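Asker: From the sequence below, what's the structure:
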Amino acid sequence: MVILERLFRLPRRYKRLILLTLDASLLTLSFLAAVWLRLEHLGPLAAPPAWGIWLVVLPVSLAIFLRLGFYRAVIRFMSTKALNTLVLGIASSAALLMLLCGLFAVAMPRSVCVIYPMLALLSVGGVRVFLRSLHMRQQIRYKDPVILYGAGSSGSQLVHSLRQGGEYTPVAFVDDWRGMHGTSVEGLRVYSPEALPRLVKDFGAKCILLAMPSAPRTRRQEVLRMLEPLAIPVQTLPSMEDVIAGRAQLNEIRDVTVEDLLGRDTVPPDQTLLDANIRDKVVMVTGAGGSIGSELCRQALQQGPRALLLFEFCEYALYAIERELLQRVEEQRLEVTVRALLGSVQDRQRLDSVLKAFGVETIYHAAAFKHVPMVEHNSIQGIRNNVFGTLATAQAAIAHGVETFVLISTDKAVRPTNVMGTTKRLAELVCQALAKQQRGTRFTMVRFGNVLGSSGSVVPLFNEQIAQGGPVTVTHPEVTRYFMTIPEASQLVIQAGAMGSDGDVFVLDMGSPVKIAELAAEMIRLSGLAVRNEANPEGDIEIRFSGLRPGEKLYEELLIGENAEQTAHPRILCAHEDYWPWPRLKDYLQALYRATQEHRHDTIRQLLLEAPTGYAPITDDITDLVWRHTPAAEENAVLAPLPIAASQISCAATPSRVAREEPVMANMVPSYASRR
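Answerer: You can find the predicted model right below:
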């Protein structure tokens, strides 16, 4: 084996020289053997013409091999093309031998020229197959044995890839179809799924590769859950949906993701709905660098907008999504203008200038603070961004004649127990009230639950904790959430946005809720590890319960009432929610704005309780970090600047400072005169 290792590591030119010498010997032996098999003696070779002819045939044959590129083929990667080259080269050698024997009247049976190429093919080709098998056997010692689930065309292609690679060696197939059981594919026996525990033990398999890219997502989920008790790592080929969308390559092996566990078969989109608010229009996405915002940008780009505006406050997030989209535009040769715009949705002047300059026709408003504990601890900033940021964006849309405004909402807005959910419900109320107040801009709200892989999601946290050896932290054994993949949610948002009119609230069908503790256990088991608990004290990773965080609910809901109606799309419902008319809501927002300016958290709490949001905090304590660390006397002393007349401005106050201090609520009433 040491000699073989040295042989395979020789420089390429030395390997070619060795093969050339070996082939010359094998061709000569094949010629002698052909004569012997035909005549049972080597008499014709005693005459000089016969040897002279062979001394011409041999170098010409080797020259033909060289010309055909036979020595450029790497033995361990030999393909049918190399075999075709070998057959053509040996056939040319035999034809030349027959031609020369006829020209020089050599006393040799013609059948020798038929036997010779067959022996040459067996010897020259056989040596290469033998060397290839030796190399593969040697490599098997350094590869992990794996079992392939799925003996179809994808599994067959995967076997070829694995045998050429240096990480895994396939040892068996498993397939659902009974007709395949007991057969052989690529030299590997096909077994039934019931044999998996025995196969894992007998072969010492280190991993199971799921080769079922064409199977429905529901079937893939069934298989994954069936494999969980084996406590062996599971990897998979991407689904055809991901391959077609360009998110993965067909033979790209990857770890099982939560999308594989929780995702579902998508409903074909209605292209008319996808096009309605995007094709040939100027589209702006606020919060374009976020999880949902960036996916909205990707999907909007494919629908052919005239221009796509990325509005984002975080510079790096904006840079990242702009770079990605510009690369797509170049690769796919799309005629779409992409513009990256830094700005905050709280900055009305910036919004006005952008909407006016580009003539925006559709806005997808995804900008918001969404992390429940973070907003709970920084409640004023959450209110300013989620409520007054939405108000500023919506009023700017009305003022500049934007046709469609789609608010991205959340299931946490339903009977909220936290500030974040309450601010999102207030944002819905703003859009509902403004929709009834005017008719120039069409407002639509789309409400859905958690998206897999978003910033702040439990999934990346669980993956990180599993990689570090645990423990995996879950807040409560009974905490339950709805989940949806980001691409599906974004696609449904676009379609729902095209359906709405007059302030409709749409709710996405999220499927069945999932217990977070069960999700954590599934992720641990599919990583090839065991959950450590009382029933299994020798397990690998413990699930530790840390307690509910401030404002966190055990269960999330999607509907406030029971009056939801089915729409033309099977996964989009239309909810009829109560709201305040604009005059009443305007007075409320004025009071809320003043309370945030004065940093009166007790007043803010009271106002949030008064709004028609269903806000029911879990505790009476205010958890804002600044409030909890500020003495009450000092907190009460902070007053908001009030709007004052220009004649009252002292020489110490500059006009620019007065402009910054004037509450934005002073101009809350929609202005229709400035519409295009």
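Asker: tell me the secondary structure for Ser344?
Answerer: coil (DSSP: H, G, I helix; E, B strand; the rest coil).
Asker: Give me the phi and psi for it.
Answerer: Phi and psi for Ser344, reported as degrees, to the nearest 10, are phi -110, psi 140.
Asker: residues in contact with it?
Answerer: If a contact means C-beta atoms under 8 Å, 6 or more residues apart in numbering, then Ser344 has Phe313, Arg350, Asn385, Gly389 as its contacts. Where you see a C-beta, it was placed from the backbone N, CA and C, and this is true even at glycine.
Asker: now, which of those residues lie within strands?
Answerer: The strands, defined by DSSP state E, take in nothing from those.
Asker: Packing partners of the longest helix belonging to the chain?
Answerer: Counting by DSSP state H, the longest helix found in the chain is helix 12-39. Counting contacts by 3 or more C-beta pairs under 8 Å, 6 or more residues apart in numbering; DSSP states H and E, helix 12-39 packs against helix 48-67, helix 112-120.
Asker: Helix 48-67 and the shortest one, what's the angle between them?
Answerer: Between helix 112-120 and helix 48-67, the angle comes out at 40 degrees (axes from the mean of the first three to the mean of the last three C-alpha atoms, to 10 degrees).
Asker: So what touches helix 112-120?
Answerer: 26-27, 30-31, 33-35, 37-38, 90-91, 93-94, 97-98, 101.
Asker: My read is that Val190 contacts Ser184, right?
Answerer: Yes: look at Val190 against Ser184 with C-beta atoms under 8 Å: they come within range, at 7.0 Å.
Asker: now, the most widely separated pair of the contacts of helix 112-120?
Answerer: Comparing every pair within the contacts of helix 112-120 by C-beta to C-beta identifies Leu26 and Cys101 as the most remote, at 20.4 Å.
Asker: Which ones among the contacts of Ser344 lie within helices?
Answerer: Taking DSSP H as the definition of helices, those contribute Arg350, Gly389.
Asker: State the pair within the contacts of Ser344 that is farthest apart.
Answerer: The largest distance within those, taken as C-beta to C-beta, falls between Arg350 and Asn385 and amounts to 14.2 Å.
Asker: Going by how many neighbours each has, rank the two and give me the top one.
Answerer: Regarding Arg350 and Asn385, a neighbour count based on other C-beta atoms under 10 Å identifies Asn385 as having more, with 22 against 17.
Asker: need the contact list for that one.
Answerer: Ser344, Val345, Gln346, Ala367, Ala368, Phe369.
Asker: For stretch 84-96, buried residues please.
Answerer: Buried residues in stretch 84-96, defined by neighbour count with 16 or more other C-beta atoms under 10 Å: Thr85, Leu86, Gly89, Ile90, Ser92, Ser93, Ala94, Leu96.
Asker: Over to stretch 458-469?
Answerer: In stretch 458-469, counting by 16+ other C-beta under 10 Å, buried: Val458, Val459, Phe462, Asn463, Gln465, Ile466.
Asker: do stretch 371-391 as well
Answerer: Residues of stretch 371-391 classed as buried: 372, 374-391 (neighbour count, 16+ other C-beta under 10 Å).
Asker: Export that stretch to PDB, keeping only CA atoms.
Answerer: Only the C-alpha atoms of stretch 371-391 are listed here, as PDB (Å, rounded to 0.1, in the frame of the first residue of the first chain):
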ATOM      1  CA  HIS A 371     -37.500  41.700  18.900                       C
ATOM      2  CA  VAL A 372     -39.900  41.400  21.800                       C
ATOM      3  CA  PRO A 373     -37.500  41.700  24.800                       C
ATOM      4  CA  MET A 374     -35.400  44.500  23.000                       C
ATOM      5  CA  VAL A 375     -38.500  46.700  22.500                       C
ATOM      6  CA  GLU A 376     -39.700  45.900  26.000                       C
ATOM      7  CA  HIS A 377     -36.500  47.200  27.400                       C
ATOM      8  CA  ASN A 378     -36.400  50.200  25.000                       C
ATOM      9  CA  SER A 379     -40.100  51.000  24.700                       C
ATOM     10  CA  ILE A 380     -39.900  54.600  23.600                       C
ATOM     11  CA  GLN A 381     -37.600  53.800  20.600                       C
ATOM     12  CA  GLY A 382     -39.900  51.000  19.700                       C
ATOM     13  CA  ILE A 383     -43.000  53.300  19.700                       C
ATOM     14  CA  ARG A 384     -41.200  56.000  17.700                       C
ATOM     15  CA  ASN A 385     -40.000  53.600  15.100                       C
ATOM     16  CA  ASN A 386     -43.000  51.200  14.800                       C
ATOM     17  CA  VAL A 387     -45.900  53.700  15.400                       C
ATOM     18  CA  PHE A 388     -44.600  57.100  14.400                       C
ATOM     19  CA  GLY A 389     -42.300  55.700  11.700                       C
ATOM     20  CA  THR A 390     -45.300  54.000  10.100                       C
ATOM     21  CA  LEU A 391     -47.300  57.200  10.500                       C
END
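Asker: all helices of the stretch 501-650 of the chain, in order?
Answerer: With DSSP state H, counting those that start in this stretch as the criterion, the stretch 501-650 of the chain has helices at 516-526, 582-597, 601-610, 625-628, 632-637.
Asker: what does the stretch 151-300 of the chain give?
Answerer: Per DSSP H, counting those that start in this stretch, the stretch 151-300 of the chain carries helices over the ranges 153-164, 196-203, 217-227, 240-244, 258-262, 271-276, 291-302.
Asker: Mean confidence (pLDDT) on the last one, please.
Answerer: Right, helix 291-302. The average pLDDT for helix 291-302 rounds to 94.
Asker: and it, what does it pack onto?
Answerer: Secondary-structure packing of helix 291-302 (3+ C-beta pairs under 8 Å, 6+ apart): strand 282-286, strand 307-312, helix 315-332, strand 362-365, helix 486-499.
Asker: quick one, the longest one and strand 282-286 angle?
Answerer: On the basis of the same axes, to 10 degrees, helix 315-332 is oriented at 140 degrees to strand 282-286.
Asker: Helix 315-332 - what's its average pLDDT?
Answerer: Mean per-residue pLDDT for helix 315-332: 95.
Asker: that older thread, deepest in the core, which of the helices of the stretch 501-650 of the chain is it.
Answerer: helix 516-526 (a mean of 22; mean count of other C-beta atoms under 10 Å).
Asker: Now do the helices in the stretch 351-500 of the chain.
Answerer: Under DSSP H, counting those that start in this stretch, the stretch 351-500 of the chain gives helices at 372-377, 379-383, 389-399, 419-437, 458-467, 486-499.
Asker: Point out the other helices and strands that the last one packs with.
Answerer: Counting contacts by 3+ C-beta pairs under 8 Å, 6+ apart, helix 486-499 packs against helix 271-276, helix 291-302, strand 362-365, strand 404-410, strand 442-448, strand 450-452, strand 504-508, strand 572-575.
Asker: what does the third one give?
Answerer: For helix 389-399, the elements it packs on are helix 348-358, strand 362-365, strand 404-410, helix 419-437, judged by 3+ C-beta pairs under 8 Å, 6+ apart.
Asker: ok, now the fifth one?
Answerer: Helices and strands touching helix 458-467, as assessed by 3+ C-beta pairs under 8 Å, 6+ apart, comprise strand 472-474, helix 516-526.
Asker: Can you list the neighbours in contact with the first one?
Answerer: Same thing as strand 472-474. By C-beta under 8 Å, 6+ apart, strand 472-474 touches 458, 461-462, 465-466, 516-517, 520, 523-524, 541-546.
Asker: Looking at pLDDT only, which of the residues you listed scores worst?
Answerer: Lowest pLDDT among the contacts of strand 472-474: Val458, with 79.
Asker: Next, the contact list for the residue nearest to that one when sequence neighbours are not counted, please.
Answerer: In space, and not counting its chain neighbours, Val458 is closest to Ile516: 6.2 Å by C-beta to C-beta, 6 or more residues apart in numbering. Counting by C-beta under 8 Å, 6+ apart, Ile516 makes contact with Val458, Val474, Thr475, Val479, Thr480, Arg481.
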